[in-house]
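S.K.: I'd like to go over a predicted model; first the sequence, then the structure.
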Amino acid sequence: MRRHSVGAIVGAVVPTAVVVDDHPAFRRMARRLLIAAGYEVVGEASDIREARQQVVDAQPALVLLDVLLPDGNGIDLADELTDEGRIILLTSSRTAEELGPELGAKTFVTKSELSLQYLAGLRNQ
């Protein structure tokens, strides 16, 4: 069961999110975008170990997960966490074509494409 919190409006369900990236500035920017898109950010992590714990503990509806982390590969972690909410893989240096078969059917977006409109659209799917 996905964890959701009660929003300021009675009866409103606010989807939760965890941001996983090793760059604090990107995590801050992603947090602001998620909040603006109507998410409650319930966790942040800078590496695979922290991410695994945050996601399992928080059971968010959405995980923004960097592909390249200091202690491992975000794609492998996404495979491990398949039952832990919707996972969006992020990268700034590689394209979907370069990642190719590693991605499989996973959702992928470049960090430069991450926007309020993109995140708000996820809520409506």
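M.R.: Nice, thanks for sending it over. The shown structure was predicted, so the numbers you read here are calculated from the model rather than taken from an experiment.

S.K.: remind me, longest strand of this protein?
M.R.: Scanning the chain for the strand with the most residues, using DSSP state E, yields strand 13-20.

S.K.: following it, which helix or strand comes up?
M.R.: helix 24-36 (DSSP states H and E).

S.K.: any residues touching whatever helix or strand comes next after that following helix, and which ones?
M.R.: If you walk from helix 24-36 toward the C-terminus, the next helix or strand you reach (DSSP H and E) is strand 40-45. For strand 40-45, contacts defined as CB atoms under 8 Å, 6 or more residues apart in numbering pick out 3, 5, 14-20, 27, 31, 34-35, 51, 53-55, 57-58, 60. Heads up, the C-betas are built off the backbone N, CA and C, glycines and all.

S.K.: where does the protein dip in pLDDT?
M.R.: When residues are selected by pLDDT under 70, those of the chain lie in 1-12, 84, 93-106.

S.K.: Next, the buried residues of the longest strand of the chain.
M.R.: Across strand 13-20, burial judged by 16 or more other CB atoms under 10 Å covers 14, 15, 16, 17, 18, 19, 20.

S.K.: Looking at those, spot the one nearest residue 68.
M.R.: residue 20 (11.1 Å; CB to CB).

S.K.: ok, the nearest residue to residue 119 once chain neighbours are set aside - how many residues close by?
M.R.: The shortest distance from residue 119 to any non-neighbouring residue, by CB to CB, 6 or more residues apart in numbering, is to residue 37 (3.7 Å). Neighbourhood size, residue 37 [other CB atoms under 10 Å]: 19.

S.K.: Could you pull up phi and psi at the residue nearest to the spatial centre of the chain?
M.R.: The residue lying closest to the centre of the chain (CA atoms, centre = their mean) is residue 64, at 1.4 Å. Phi and psi for residue 64, reported as degrees, to the nearest 10, are phi -90, psi 120.
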